[in-house]
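Novice: model the following, please.
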Amino acid sequence: MWSYITSIFGYFFKLQEDEGREKLLIEELIDLKLELEREEFHNQNIENKVQESSQQSECFQRTGFVTHCGESYILIDGSFYFDTSACSFNLNVNDKILYLGYNNSNEELVIVRILQNEGIGWENEDDSEEQRFDVINHIIVGIVDCREDRNVFIQGGDLKFNLDDVQGTFIPIAGDWLEMQCSIQKNDEKLTDINMTQVLQVTHFRPLRTKIKSGTVTEWSGKVGIIDNQIYFDSSTFIETFIPQVGAKIKYLRLIFNAMGLPQPKIGTVEEFQGQERPIILITTVRSTESLIQQDIKYTLGFVNSPKRLNVAITRAQISMILFCNPHLLSTDSLWNEVIMNAVNNNRYMGCYFPIEEK
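Specialist: Numbers count the residues shown, from 1 in each chain. Predicted coordinates for the structure are as follows:
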């Protein structure tokens, strides 16, 4: 009788416990959904404000003279202050320099960076040069090098920003990938060749959660175009068989390299690399479903039971080859099994468990 009573109590209490967990899970999901909606709304508002405020702005490249050198700053032409903590140039008094700057909303001169040190000059030389550029909004991708107090430094140049001057949803640390909304110096001659030296100001940042992004083609001239009104690209960005159209929804990886100022990688099938070499080759063998292997073999698809494709794939790298695969599936092919075992035996294997014994 006692066991019967306890079982009934156990049943009802367990039921209540499950209901409580279910209710808690629903509440957590609702909170998460609201947080994501707030973040998306917050980001959209920021981007709209940025576009409105920067649309008609101008910047310039101008020559000047270093008139004073401090411990981590210089004065240009006797009155313009510039922080040299992230500057890569060795600057001395009387050096003639070329700098990038703009006038802010208060018509105050803001010097962004030193572009060139032309060496010793004379202050009384009447040869000050200036070239003006339009300002556009663009997304730059970068990796946080370090953070000192509220200042965030980005790898690969002198780009930095203060957390008090930008809009963001978190505090970044070293190693974080950031997608940064920036005001950019527009260069009509190299519209799609944008790098960090053209950044005037970081206005907003958020974490880059994926290297594959999606967007909408908003402009396309046949040679150059714009995605989401803020990412410029040219025809070399896409695979040869793709023709962009205005309004098309696309996913892109190569534009990440554009945004980081890196050269475009070649992306294609193994056959496209026949007779070519590259310093570093990344191979993905695509399949991870055993039921499709026989279909691949029948129609000569994929990598299993295809020694010629394997030979081309693993002989293209000059320095390093990185293979992404399902080892349990790929090792059913005796040749690929030797490739995988070679990596295992030389401590070059990383990932899921794979038996050491050769198959």
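Novice: wait, a helix at residue 170?
Specialist: No - per DSSP: H, G, I helix; E, B strand; the rest coil, residue 170 lies outside any helix segment and is coil.
Novice: what is the burial count for it?
Specialist: Applying other CB atoms under 10 Å, we find 11 residues neighbouring residue 170. Backbone N, C-alpha and C define where each C-beta goes, glycine included.
Novice: what do you get for the one 3 residues further on?
Specialist: Residue 173 is surrounded by 10 other residues when neighbours are defined as other CB under 10 Å.
Novice: repeat that for residue 94.
Specialist: By other CB under 10 Å, 12 other residues sit near residue 94.
Novice: that one and residue 66 touch, don't they?
Specialist: Yes - taking CB atoms under 8 Å as the definition, residue 94 is a contact partner of residue 66 at 6.6 Å.
Novice: low-scoring pLDDT stretches of this structure, where are they?
Specialist: Applying pLDDT under 70 to the chain picks out residues 1-56, 122-127, 191-193, 209-213, 230, 234-242, 251-264, 286-304, 355-359.
Novice: domain boundaries for it, per the record?
Specialist: 1-54, 58-128, 133-259, 270-345 (automatic domain parsing).
Novice: tell me which element residue 71 falls in.
Specialist: Under the criterion DSSP states H and E, no helix or strand holds residue 71.
Novice: and the gap between it and residue 166?
Specialist: Using CB to CB, to the nearest Å, one obtains 26 Å as the distance from residue 71 to residue 166.
Novice: strands of the stretch 51-200 of the chain, residue ranges please.
Specialist: 58-69, 73-76, 80-83, 95-103, 109-120, 130-148, 151-154, 160-162, 167-168, 177-185, 199-207 (DSSP state E, counting those that start in this stretch).
Novice: how far away is residue 121 from residue 197?
Specialist: Going from residue 121 to residue 197 by CB to CB gives 22 Å.
Novice: returning to what we had before: will you turn the strands of the stretch 51-200 of the chain into CSV that also has distance to residue 342?
Specialist: Formatted as CSV, the strands of the stretch 51-200 of the chain follow (distance: least, CB to CB, whole Å):
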stretch, distance to residue 342
strand 58-69, 54
strand 73-76, 56
strand 80-83, 52
strand 95-103, 51
strand 109-120, 48
strand 130-148, 32
strand 151-154, 38
strand 160-162, 44
strand 167-168, 45
strand 177-185, 32
strand 199-207, 37
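Novice: out of the ones you listed, nearest to residue 250?
Specialist: Proximity of those to residue 250 was assessed by CB to CB; the nearest stretch is strand 130-148, lying at 14.9 Å.
Novice: and residue 319, which of the strands of the stretch 51-200 of the chain is closest to it?
Specialist: strand 130-148 (21.9 Å).
Novice: can you list the strands that that closest one pairs with?
Specialist: Using DSSP bridges, strand 130-148 pairs in its sheet with strand 58-69 (antiparallel), strand 151-154 (antiparallel), strand 177-185 (antiparallel).
Novice: ok and it relative to strand 95-103, angle-wise?
Specialist: If you take axes from the mean of the first three to the mean of the last three CA atoms, to 10 degrees, strand 130-148 sits at 90 degrees to strand 95-103.
Novice: next, the angle from strand 130-148 to strand 199-207.
Specialist: 40 degrees.
Novice: buried stuff in strand 130-148?
Specialist: Along strand 130-148, these residues count as buried under the neighbour rule (16 or more other CB atoms under 10 Å): 133, 135-142, 144-145, 147.
Novice: how about stretch 100-119?
Specialist: 100-102, 109-114, 117.
Novice: farthest pair in these?
Specialist: Checking the buried residues of stretch 100-119 with CB to CB, the most distant pair is 102 and 117, at 20.7 Å.
Novice: between the strands of the stretch 51-200 of the chain, which one is nearest to residue 267?
Specialist: Between residue 267 and the strands of the stretch 51-200 of the chain, the shortest separation by CB to CB is 17.2 Å, and it involves strand 130-148.
Novice: send me that closest one as PDB with only the CA atoms.
Specialist: Written as PDB, here are the backbone C-alpha positions of strand 130-148 (Å, rounded to 0.1, in the frame of the first residue of the first chain):
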ATOM      1  CA  GLU A 130      44.900  68.700 -50.800                       C
ATOM      2  CA  GLN A 131      42.700  66.100 -52.500                       C
ATOM      3  CA  ARG A 132      39.100  65.700 -51.500                       C
ATOM      4  CA  PHE A 133      37.000  62.400 -51.500                       C
ATOM      5  CA  ASP A 134      33.400  61.500 -50.900                       C
ATOM      6  CA  VAL A 135      32.600  59.400 -47.900                       C
ATOM      7  CA  ILE A 136      30.600  56.200 -48.100                       C
ATOM      8  CA  ASN A 137      29.300  53.600 -45.600                       C
ATOM      9  CA  HIS A 138      30.900  50.200 -45.800                       C
ATOM     10  CA  ILE A 139      31.400  47.100 -43.700                       C
ATOM     11  CA  ILE A 140      34.900  46.100 -42.700                       C
ATOM     12  CA  VAL A 141      35.700  42.800 -41.100                       C
ATOM     13  CA  GLY A 142      38.600  42.600 -38.600                       C
ATOM     14  CA  ILE A 143      40.100  40.700 -35.700                       C
ATOM     15  CA  VAL A 144      40.600  42.400 -32.400                       C
ATOM     16  CA  ASP A 145      44.300  42.600 -31.600                       C
ATOM     17  CA  CYS A 146      44.000  43.900 -28.100                       C
ATOM     18  CA  ARG A 147      41.900  46.200 -25.900                       C
ATOM     19  CA  GLU A 148      43.500  48.800 -23.600                       C
END
